[in-house]
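S.K.: Quick one, fold the following:
(chains A and B)
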Amino acid sequence: GDSVTQMEGPVTLSEEAFLTINCTYTATGYPSLFWYVQYPGEGLQLLLKATKADDKGSNKGFEATYRKETTSFHLEKGSVQVSDSAVYFCALRNYGQNFVFGPGTRLSVLP
Amino acid sequence: ETGVTQTPRHLVMGMTNKKSLKCEQHLGHNAMYWYKQSAKKPLELMFVYSLEERVENNSVPSRFSPECPNSSHLFLHLHTLQPEDSALYLCASSSQRGDTQYFGPGTRLTVL
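M.R.: Residues are numbered from 1 along each chain as shown, chains lettered A, B, ... in the order given. Reported below is the predicted structural model:
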């Protein structure tokens, strides 16, 4: 079945550092790919998405590019802030199917 | 209110109690979902409702009983739970089944 693998962390960075969280997937067909973020004490929020190969999703300074050749959707941000501390989930969804979530990566940003 | 709301936000119950979790979406969506989020485990999809009809039940024990009286409301009725059922229960909705999901803040459940 479809699956998502991501680095589990925790990832600890200093403020203004560059962030990369790796995500790779296994899926049949051409799934849509997503990043969700969960801040402490809250539910998951959609951060960005890409629906086809080579698409780039972006939001709040975060970016991820759908790479079909490497089955990857790595999340990047050029300069993290303390307020970015959260758990980040990579997910995929094939048309008409349920979401498949990765295990989540906890990010801590220190001032 | 906007988005997806859940009540209560926190719940502590004994193993013999009966309680219910409530979810309400204000997005005009037709599909709703219950997830269980436990520490150090992946997000688990429990139930899926589409147009108020249950379309998926992922081998969830019968002590969890969902109810979807209309497309805006979803309940999870709980009875004779076990301590291992302690978790964050998340509700989500989407315009149609399989579309982008929008989550509520969750109910933190503790079973004593």
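
S.K.: Disregarding residues adjacent in the polypeptide, which is nearest to whatever residue of chain A ends up closest to chain B?
M.R.: At 3.7 Å from chain B, residue A:43 is the closest residue in chain A, using CB to the nearest CB. Every C-beta, even on glycine, is put in place using the N, C-alpha and C of the backbone. Among residues not flanking residue A:43 along the chain, residue B:103 sits closest, at 3.7 Å (CB to CB, 6 or more residues apart in numbering or on different chains).

S.K.: Could you give the bridge partners of the one you found?
M.R.: Taking DSSP bridges, one obtains residue B:92 as the residues bridged to residue B:103.

S.K.: Near chain A, which residues of chain B? Just list them.
M.R.: Within chain B, the positions adjacent to chain A are B:4, B:6, B:42-43, B:45, B:48, B:56, B:90, B:92, B:97-98, B:100-106 by CB under 8 Å from any CB of the partner chain.

S.K.: Go again with 7 Å.
M.R.: B:42-43, B:45, B:48, B:90, B:98, B:100-106 (CB under 7 Å from any CB of the partner chain).

S.K.: Out of those residues, which end up buried?
M.R.: B:43, B:45, B:48, B:90, B:98, B:101-106 (16 or more other CB atoms under 10 Å in any protein chain shown).

S.K.: which of the residues of chain B next to chain A sit farthest apart?
M.R.: Distance extremes for these: the farthest pair is B:98 and B:105 at 23.0 Å, using CB to CB.
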